[in-house]
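Novice: Here is my input; please provide its structure:
(2 chains)
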Amino acid sequence: MDILNLIRISAKALLRNKTRSALSMLGIVIGIAAVIAVVNLGEGLKQSTANQLSDMGTNLIMVMRANQRRGGVSMGSSNVQSLKVRDCELIAKGAKNVTMVSPVVNSGGQLVNGSKNWSGTVYGGSPDYLEIRKYEIATGVNFTEEDVKKYAKVGLIGQTIVEELFDEGEDPIGKTIRVGNMPFKVIGTLKERGENGMGMDQDDLVVMPYSTVQKRMLGVDYIQQIVCSAASEDVAEAAVEEIESILRVSHKIPEGGDDDFEVRTQQEMLEMMSSMTGMITTVLVAIALISLLVGCIGIMNIMYVTVTERTKEIGLRMSIGAKNSAILLQFLTESIILSLIGGVIGLLLGLLLSYVVSLAMSLPYVVNVGWMIISFVSCAILGLISGFFPALKASRTDPINALRYE
Amino acid sequence: MNEKQSIIKVENLKRTFVVGSEEVHALKGVSFDICQGEFVSIMGSSGSGKSTLLNILGCLDQPTSGEYFIDGISVRERSKNELSDIRNRKIGFVFQSYNLLPRTSALENVELPLVYNLDVSHRERHERAQHALELVGLKDRMGHMPNQLSGGQQQRVAIARALVNDPVIVLADEATGNLDTRTSYEIMSLFQSLHEQGKTIAFVTHESDISVFTSRTIFLRDGHILRDESVATKSAAEALAALPVDNDY
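Specialist: This is a model prediction of the structure:
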């Protein structure tokens, strides 16, 4: 029996029971659609985070305080006060691959303008801070080194704070508002950036000279973070090594001792984020695969029913000379056709679904061709497996009894 | 008849079934020959062993002992696949309940045996099926589905299907059992005309008024051949003409 004939016979048998064929396909359709949709959406999410992180600057390097053991006692990273402004100066002087350095000190505080108030975060940095973090000034000017030296009570505010503290159309520049008990003059506003990949509002911030935040707000001499800009993305790794060796010397960390700081590049952050979304995607794909498995069991079930129902047909085919193998192949082909058609429909449905959701969530629409191929091939394999046992049962039918079967 | 080639040769055929702890002897040593061009009816009441005999003749079942040759080929100790091929090339089956595939046209039903014969091309299959349908008088019903055909027409399709592979013998199992008298006679008339064209036919029935249309009757009782006699063939066409006109048709 040639293959075309086999497909024709099987397709005919399936068409004879359109509703049942469609219903048994449904499991596969849903399973494949779920897999494709989840994979594509996961991919879109990954890409969207990557886009947003690279908005922050691909050559961004962050130096953070690290958890350190001192005398066997874990200190907890927030208690570590090892980063100092002097470290920034040393990096600026010593690291050849670093073009800009800024300390970061932040503090929360109640922002007050007349009767309006808003709880916001204040970031203290050097004049380079805005450029390192790729913030752009909308109106007004940046603060200067002079302001840093004088602990000047000046700041730039993000658009969220402009909206919350000022009336519409009111120009914030030159106005004096308070953060906590400290009044400061708004010298500039920042361009709107929207939310970042984790849903954080990037416009809800005040940027001030780090010295102002250190002395006037917090009364501390340490800093929480250092942000640097590498000369280019290519030298980011070299810059990290330079920073590490400078800080190890400055912090007098012995050979083999634990660093009390941690240097991360934007690239690493990116990898971290994508491994997170990757994990979520993996879990969802696993769930989708289970539904695919259930779909296969559905097909197997229907094929068993079909075989029983068509006992007489099987008996007839055998009596006119169909070999057992021909019967086996016929029913196998039926289940493969079922699952492949289901797979194609599911594929299209999954593509559509992920497209619609991407649009709704304003994610980039990414199609993962690899998974499309994987799911298509697995459809064929699953069809083969779920059809095999019913087909085997059919091929073992005794024609004498089958012909008498009513 | 002697000069004619023996199509079916059965020698001391026995078939024993084991039901639980009991042995049931369905055939207790049956011997006969069917020669080319014969129209034989195998008669017997229920339990006489005619179904068992038919299954063996149709290569659906194997005898417990004894020899069975079909077209000179010994059927003993053949594999399942070999038996399938014998059924496919040498035997045409006609069943009581027609056994046509539903929602499949008459033509495609007739093509079915040739589907399992790789030597027959798609085109040849088509032509032979058309020819077989013409032979049974259904030239104008080829595209019809079984549910669009009367019982008699369905049985004609089934006969065409039995003829399409040009078998050495047509085995009919109570082929008129589901039909009214008039249609039965029509079918018998068709069998007689096929017989005149040289087909070898074995017709299993329990109705003696059907067996009179054949030229030889083998009576089975309790697994033995009771009688094996040539009879004067009655013409089915004449019997048909003799039926009262108002015969619920």
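Novice: which residue sits closest to the closest residue to chain B within the stretch 301-406 of chain A in space, ignoring its chain neighbours?
Specialist: Closest residue of the stretch 301-406 of chain A to chain B, Cβ to the nearest Cβ: residue A:321 (2.4 Å). The C-beta positions use only the backbone N, C-alpha and C, and glycine is treated the same way. Computed as Cβ to Cβ, 6 or more residues apart in numbering or on different chains, the closest residue to residue A:321 that is not its neighbour in sequence is residue B:88, at 2.4 Å.
Novice: and the one you found, what helix or strand is that in?
Specialist: Following DSSP states H and E, one finds residue B:88 within helix B:80-90.
Novice: Any idea how far that helix is from the middle of the chain?
Specialist: Offset of helix B:80-90 from its chain centre (Cα atoms, centre = their mean, to the nearest Å): 16 Å.
Novice: Show me which residues of it are buried.
Specialist: Of the residues in helix B:80-90, B:83, B:84, B:85, B:86, B:87, B:88, B:89, B:90 count as buried by neighbour count, 16 or more other Cβ atoms under 10 Å in any protein chain shown.
Novice: Give me the contact list for the following helix or strand past that helix.
Specialist: Remark: after helix B:80-90, the chain's next helix or strand is strand B:91-94, criterion DSSP H and E. Residues outside strand B:91-94 that contact it (Cβ atoms under 8 Å, 6 or more residues apart in numbering or on different chains): A:319-320, B:58-59, B:70, B:87, B:113, B:155, B:158-159, B:161-165, B:167-173, B:175.
Novice: swap the cut-off to 7 Å and go again
Specialist: Defining contact as Cβ atoms under 7 Å, 6 or more residues apart in numbering or on different chains, one finds that strand B:91-94 is touched by A:319-320, B:58-59, B:158-159, B:162-163, B:165, B:167, B:169-173, B:175.
Novice: just stretch B:195-213 next, same as before
Specialist: B:7, B:34, B:36-46, B:50, B:54, B:57, B:168-176, B:184, B:188, B:191-192, B:194, B:214, B:217, B:231, B:233-234, B:236.
Novice: In strands only, show me those.
Specialist: Mapping the contacts of stretch B:195-213 onto strands (DSSP state E) picks out B:7, B:34, B:39-43, B:169-173, B:217.
Novice: how about those, which pair is most distant?
Specialist: Largest separation among these by Cβ to Cβ: B:7 and B:43, giving 19.3 Å.
Novice: For the residue of the stretch 301-406 of chain A closest to chain B, what are phi and psi?
Specialist: Backbone geometry at residue A:321, expressed as degrees, to the nearest 10, gives phi 110, psi 10.
Novice: That one against residue B:87, yeah?
Specialist: Yes. Using Cβ atoms under 7 Å, residue A:321 is in contact with residue B:87, at 4.6 Å.
Novice: show me where the stretch 51-200 of chain A has strands.
Specialist: Secondary structure of the stretch 51-200 of chain A (DSSP state E, counting those that start in this stretch): strands located at A:60-65, A:69-70, A:73-74, A:98-113, A:116-125, A:137-140, A:154-157, A:176-179, A:182-190.
Novice: I'd like to know which of the ones you listed is closest to chain B.
Specialist: Closest among the strands of the stretch 51-200 of chain A, using Cβ to the nearest Cβ: strand A:60-65, at 68.8 Å.
Novice: between the closest one and strand A:98-113, how many degrees?
Specialist: Between the axes of strand A:60-65 and strand A:98-113, defined by axes from the mean of the first three to the mean of the last three Cα atoms, to 10 degrees, the angle is 70 degrees.
Novice: Now do the buried residues in strand A:60-65.
Specialist: Across strand A:60-65, burial judged by 16+ other Cβ under 10 Å covers A:60, A:61, A:62, A:63, A:64, A:65.
Novice: Test my guess that residue A:341 contacts residue A:25.
Specialist: Yes. Counting by Cβ under 7 Å, residue A:25 is a contact partner of residue A:341 at 6.2 Å.
Novice: Between those two, tell me which one has more neighbours.
Specialist: residue A:25 (24 against 19; other Cβ atoms under 10 Å in any protein chain shown).
Novice: Confirm that the more buried one lies within a strand, as I assumed.
Specialist: No. Per DSSP: H, G, I helix; E, B strand; the rest coil, residue A:25 lies outside any strand segment and is helix.
Novice: can you tell me which residues contact it?
Specialist: So residue A:25 contacts A:338, A:341, A:342 (Cβ under 7 Å, 6+ apart).
Novice: which of those lies closest to residue A:182?
Specialist: In terms of Cβ to Cβ, no member of the contacts of residue A:25 lies closer to residue A:182 than residue A:342, at 66.3 Å.
Novice: Would you mind stating the distance between the closest one and residue B:143?
Specialist: To residue B:143, residue A:342 is 31 Å away according to Cβ to Cβ, to the nearest Å.
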